[in-house]
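K.L.:
return a 3D structure for these sequence lines:
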Amino acid sequence: MSEYSIFEINQMLESMTVLVDTREQVTSAFRRRMEQIGRPYERQKLDFGDYSCAVIDQDGNRICMDHLFAVERKMCLDELCTCFTRDRKRFEREFLRAKEAGGRLILLVENASLDKALAGQYRSQMHPDALLASLFAWSARYQAPVHFCTAQNSGAMLFRILRYHLKVCLENGGRLP
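P.N.:
Numbers count the residues shown, from 1 in each chain. Here you go, the predicted model:
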């Protein structure tokens, strides 16, 4: 049961500010992403992930959600393959930090789809079966949903992912279900 009313939840959703990790590079694609999100954003160091959010509650207190959930964005399957091979230990540490903090990472991969992964439509020596095995194992091991999008709609997808994870947390009294 939520400690917030539907009215309070809606007000908090409207107050959402996107938190962007300071390591996320400011490029033209980043600016387009932020424009699509259409919400204010702040750059700060996140303990895990690339994007999270904060809201203002009914008493005017700022509540940061970065300890509960964040989106880890990858620009393509090539980058994801590198994360599952050469950079696997570093990538896994990020998911472990989230899990140990009681939080969750959501994986968003741009310019990608499961069909492209299955067909091996990426530049890596990683076999499609190994890529899919890693993706599904990661999802199960870290309760990490995996979403795919185009680069053109990544901001819109980020906004929706953050908004609905936030909504569910608020409906659950400010906690992950």
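
K.L.:
so what pLDDT did residue 173 get?
P.N.:
Residue 173 carries a pLDDT value of 89.

K.L.:
let me redo that: residue 26
P.N.:
For residue 26, the model assigns a pLDDT of 94.

K.L.:
go on, residue 176?
P.N.:
86.

K.L.:
these two touch, right, it and residue 169?
P.N.:
Yes: counting by CB atoms under 8 Å, residue 176 touches residue 169, with 6.1 Å between them. Backbone N, C-alpha and C define where each C-beta goes, glycine included.

K.L.:
between the two, which contacts overlap?
P.N.:
68-69 (CB atoms under 8 Å, 6 or more residues apart in numbering).

K.L.:
check contacts around residue 3.
P.N.:
Counting by CB under 8 Å, 6+ apart, residue 3 has contacts 173-174.

K.L.:
whoops, residue 44 was the one
P.N.:
Contacts of residue 44 by CB under 8 Å, 6+ apart are 19-22.

K.L.:
nearest to residue 30 among these?
P.N.:
Closest approach to residue 30 among the contacts of residue 44 (CB to CB): residue 20, at 8.2 Å.

K.L.:
now name the helix or strand holding that closest one.
P.N.:
If you go by DSSP states H and E, residue 20 is part of strand 17-21.

K.L.:
how far does that strand sit from its chain's centre?
P.N.:
Remark: strand 17-21 is offset 11 Å from the chain centroid, using CA atoms, centre = their mean, to the nearest Å.

K.L.:
so which elements touch that strand?
P.N.:
Under the contact criterion of 3 or more CB pairs under 8 Å, 6 or more residues apart in numbering; DSSP states H and E, strand 17-21 touches helix 28-37, strand 41-44, strand 51-56, helix 154-171.

K.L.:
now the helices for the chain?
P.N.:
6-14, 28-37, 77-84, 88-100, 114-119, 128-142, 154-171 (DSSP state H).

K.L.:
you'd agree residue 98 is up against residue 70?
P.N.:
Yes: at 7.1 Å, residue 98 counts as touching residue 70 under the criterion of CB under 8 Å.
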